[in-house]
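*Asks:* Fold the following and give me the result.
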Amino acid sequence: MTNATTIDTTTAEKKQKLELNKLQKRLRRNVGRAIDDFKMIEDGDKVMVCLSGGKDSYGMLNILLNLQKSAPIQFEIVAVNLDQKQPGFPEDVLPDYLASIGVDYHIIEEDTYSIVRDKIPEGKTTCSLCSRLRRGIIYSWAQANKVTKIALGHHREDIIETLFLNMFFGGKIKSMPAKLLSDDGKNTVIRPMAYCKESDLEKYAELKQFPIIPCNLCGSQENLQRKQIKQMLKVWEKQFPGRIENIFRSISNVAPSHLLDRELFPFADLTNEMQLKIDAETLFDEPEIIPERQTNTIKSDILFKSV
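*Replies:* Numbering: from 1, shown residues only. Sure thing, here's the model as predicted:
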């Protein structure tokens, strides 16, 4: 190896290390803000980090372990993977990785794959049934093992995509909450990466060289509605930079009095004497438009309060 080649290699390694450091700080900051904003993790919590083997869950585990070291509170982390017995699933990848980083972990083995294949006709979307089965198993394990918080690896784009899926196909303005109490009140689900960009997680997984396991059960279906929404959002962001940020901002800035949900706002009881919220005073005003080309210049600490 020549001196020039050695210098080029050293420069590339330094550049990569710098990029990884900046990216990790940004992810830490965003996860920390989400945890603080929604009080996701409290002193004494036992947090079950759900691992699929994908980039998002690897990133979530890594950042939470990183934050755990410097957090002003004490909380426990246990990494849990549900082995659904998919044919060809590399059963050794996750245990080997989790053992190598020294984290407490457990592999739940349940053959949901056969159930899904038996119940869902070939070519039809398997996600709905698969997710219900998975949720039931995870909730049961969490209860049996005194887990206080269940952490899922959904990021900003997942939340935005779910919003449009519910609007386009479900007739609802609804998305993924950052914190959710299960129907029976026994499990609390948190999404620590709610403020994280998918592109950051993709790059982080590449730089950290996580052993990614592809999902062949649902990920191989090409015509899923979520994939259509994802493509739509990519086109929008390319044509109008900053639009995705504005959409995400809107989820945290809702004006119930300017919608049509009678259960959310007491329109029937509205009278001249009724004291309305400040936003109702601008009922007939034109909407405030934030130019999309300027959105990328707005600092994140303006959008979300600091930890």
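
*Asks:* hang on, residue 158 packs against residue 177?
*Replies:* No - using Cβ atoms under 8 Å, residue 158 is not in contact with residue 177; the gap is 11.9 Å. Bear in mind the C-beta positions are built from the backbone N, C-alpha and C, glycine included.

*Asks:* more neighbours, the two?
*Replies:* residue 158 (21 against 14; other Cβ atoms under 10 Å).

*Asks:* Is the more buried one located within a helix, as I assumed?
*Replies:* Yes - under DSSP: H, G, I helix; E, B strand; the rest coil, residue 158 falls within a helix.

*Asks:* In contact with it, which residues?
*Replies:* Taking Cβ atoms under 8 Å, 6 or more residues apart in numbering as the contact definition, residue 158 lies against 56, 176, 198.

*Asks:* Can you check the residues you listed and name whichever has the most neighbours?
*Replies:* residue 56 (22 neighbours).

*Asks:* check contacts around the closest residue to that one other than its chain neighbours.
*Replies:* Closest residue to residue 56 apart from its sequence neighbours, by Cβ to Cβ, 6 or more residues apart in numbering: residue 153 at 3.8 Å. Counting by Cβ under 8 Å, 6+ apart, residue 153 touches 50, 52, 54, 56, 57, 59, 60, 191, 193.

*Asks:* Distance of the second one relative to residue 42?
*Replies:* It stands for residue 52. For residue 52, the distance to residue 42 equals 25 Å [Cβ to Cβ, to the nearest Å].

*Asks:* Do you know the pLDDT at residue 23?
*Replies:* Per-residue confidence (pLDDT) for residue 23: 97.

*Asks:* Test my guess that it contacts residue 201.
*Replies:* No - with contact defined as Cβ under 8 Å, residue 23 does not count as touching residue 201 (9.3 Å).

*Asks:* Can you pick out the residue with more neighbours from the two?
*Replies:* Legend: neighbour count by other Cβ under 10 Å for residue 23 and residue 201, higher for residue 201 (25 against 18).

*Asks:* which SS class is the more buried one?
*Replies:* helix.

*Asks:* Not counting its neighbours along the chain, what's nearest it?
*Replies:* Excluding the flanking residues, the one nearest residue 201 by Cβ to Cβ, 6+ apart is residue 59, at 4.7 Å.

*Asks:* Name all residues that make contact with that neighbour.
*Replies:* Taking Cβ under 8 Å, 6+ apart, one finds 27, 153, 193, 196, 201, 204, 205, 208, 210 in contact with residue 59.

*Asks:* Buried ones from those residues, can you make that a ChimeraX selection?
*Replies:* Buried residues among the contacts of residue 59 (16 or more other Cβ atoms under 10 Å), as a ChimeraX selection:
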select :27,153,193,196,201,204,205,210
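
*Asks:* Scan this protein for its longest helix.
*Replies:* helix 3-37 (DSSP state H).

*Asks:* Follow the chain on from that helix and name the next helix or strand.
*Replies:* strand 46-51 (DSSP states H and E).

*Asks:* Relative to that following strand, what are the paired strands and their orientations?
*Replies:* Strands adjacent to strand 46-51 in the sheet, as given by DSSP bridges, are strand 76-83 (parallel), strand 149-151 (parallel).

*Asks:* mind listing what's buried in the helix or strand following it?
*Replies:* Next along the chain after strand 46-51, taking DSSP H and E as the criterion, comes helix 55-70. Within helix 55-70, the residues that qualify as buried are 55, 56, 57, 58, 59, 60, 61, 62, 63, 64, 67, 68, counting by 16+ other Cβ under 10 Å.

*Asks:* Same question for stretch 128-145.
*Replies:* Residues 130, 133, 134, 137, 138, 139, 141, 142 are the ones in stretch 128-145 that count as buried (16+ other Cβ under 10 Å).

*Asks:* Off-centre distance for stretch 184-196?
*Replies:* 9 Å (Cα atoms, centre = their mean, to the nearest Å).

*Asks:* Over stretch 66-74, what's the mean pLDDT, rounded is fine.
*Replies:* Averaging pLDDT along stretch 66-74 yields 94.

*Asks:* And the contacts of it?
*Replies:* 24, 28, 31, 32, 35, 41, 42, 43, 44, 75, 77.

*Asks:* per-residue confidence at the nearest residue to the fifth one once chain neighbours are set aside?
*Replies:* Nearest residue to residue 35 in three dimensions, chain neighbours excluded: residue 41, at 5.4 Å (Cβ to Cβ, 6+ apart). For residue 41, the pLDDT comes out at 98.
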